[in-house]
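S.K.: any chance you can model this:
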Amino acid sequence: MRLAMWSGPRNLSTALMYSFASRADCAVIDEPFYAAYLARTGLDHPMRDAVIGAGETDPDAVIARLTGPVPGGKALFYQKHMCHHMLDGFGRDWITSCANVFLIRHPARVAASFDARHENPTVDDLGFPQQGALYDAVTALGLPALVIDSADIRADPRAALSALCAALGIAFDPAMLNWPKGGRPEDGVWASHWYASVHASTGFAGPEGDLPRLSPHLQAVADAAMDDYRRLHALRLTPG
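M.R.: Numbers count the residues shown, from 1 in each chain. Model (predicted):
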């Protein structure tokens, strides 16, 4: 199975990649379209030159890797994707070969977390409109599209991941609940800027507290993302 996990940044996406990477039957890949996205848009992200230098800037070559042999011959190929990396002109036919899951998180938490690493984001930087559009594109093809909320994972990782695995038709593996402290060889070159908290962890953090207080700019960004978040939140898997 090829599993495309679609999220925006700061959605618990790296921790969830580490969770699946802890399965013996799973290979993972970390944001394979990031270099192509930066090269095409010209955006100035942290470590931009390093990301482009270390990655693949040809989207067709990225797709060939995603649809080619699974690393290590593993049964499961977990692909961590940022929705906003899928620019117009990047092929999408390959998505039909994947199980597609949409990982969501409350916009206020995403805005606060992103701003701490890269200031003054826009709603497009956080990927909410692109996530909603991509969900619609997947379902328009008649494909299943699962939604999981990071808050549910944080609240009860075993129950949330069991529900996700059941929906995917794969067995839950208790190994998904923990990982070794530190980085992974599959980490993108940008890990030193973005992954400090995951590298310091050995499992999912506990339930999230109150929503953060935001500056007027970040509150406006979060507000602009709420419709897309609420729509997908209503469709999320609910742990049994």
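S.K.: please, where are all the helices along the protein?
M.R.: Using DSSP state H, the helices of the chain run over residues 13-21, 34-41, 48-54, 59-67, 107-117, 123-126, 128-140, 150-155, 157-168, 191-194, 196-199, 216-233.
S.K.: which other helices and strands contact the longest one?
M.R.: Applying 3 or more CB pairs under 8 Å, 6 or more residues apart in numbering; DSSP states H and E, one finds that helix 216-233 contacts strand 99-104, helix 107-117, helix 123-126, helix 128-140, strand 145-149. (Each C-beta comes from the backbone N, C-alpha and C, glycine too.)
S.K.: tell me which of those sits most buried.
M.R.: strand 99-104 (a mean of 23; mean count of other CB atoms under 10 Å).
S.K.: that strand - contacts with which helices or strands?
M.R.: Short answer (3+ CB pairs under 8 Å, 6+ apart): strand 99-104 packs on strand 2-7, helix 128-140, strand 145-149, helix 157-168, helix 216-233.
S.K.: quick one: average pLDDT of stretch 228-240?
M.R.: For stretch 228-240, the mean per-residue pLDDT is 93.
S.K.: so who does residue 190 touch?
M.R.: Counting by CB atoms under 8 Å, 6 or more residues apart in numbering, residue 190 makes contact with 34, 45, 46, 47, 50, 51.
S.K.: can I get the helices and strands packed on helix 216-233 in JSON lines with distance to residue 182?
M.R.: Converted to JSON lines, the helices and strands packed on helix 216-233 look like this (distance: least, CB to CB, whole Å):
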{"stretch": "strand 99-104", "distance to residue 182": "23"}
{"stretch": "helix 107-117", "distance to residue 182": "19"}
{"stretch": "helix 123-126", "distance to residue 182": "27"}
{"stretch": "helix 128-140", "distance to residue 182": "30"}
{"stretch": "strand 145-149", "distance to residue 182": "25"}
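S.K.: what pLDDT does the model give the nearest residue to residue 166 once chain neighbours are set aside?
M.R.: Distance criterion CB to CB, 6 or more residues apart in numbering; nearest residue to residue 166, sequence neighbours excluded, is residue 172 at 7.3 Å. With respect to pLDDT, residue 172 scores 98.
S.K.: what does residue 187 give?
M.R.: pLDDT at residue 187 comes out at 97.
S.K.: ramachandran angles for residue 210?
M.R.: phi -60, psi 160 (degrees, to the nearest 10).
S.K.: and the helices and strands packed on strand 99-104 as JSON lines, adding distance to residue 176?
M.R.: JSON lines is the format used below for these (distance: least, CB to CB, whole Å):
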{"stretch": "strand 2-7", "distance to residue 176": "13"}
{"stretch": "helix 128-140", "distance to residue 176": "23"}
{"stretch": "strand 145-149", "distance to residue 176": "13"}
{"stretch": "helix 157-168", "distance to residue 176": "5"}
{"stretch": "helix 216-233", "distance to residue 176": "22"}
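S.K.: so which of these comes closest to residue 74?
M.R.: Among the helices and strands packed on strand 99-104, strand 2-7 comes nearest to residue 74, with 10.6 Å by CB to CB.
S.K.: if we can go back for a sec, deepest of the helices of the chain, which one?
M.R.: The most buried stretch of these, if neighbours are counted by mean count of other CB under 10 Å, is helix 13-21, with a mean of 24.
S.K.: great, nothing more from me.
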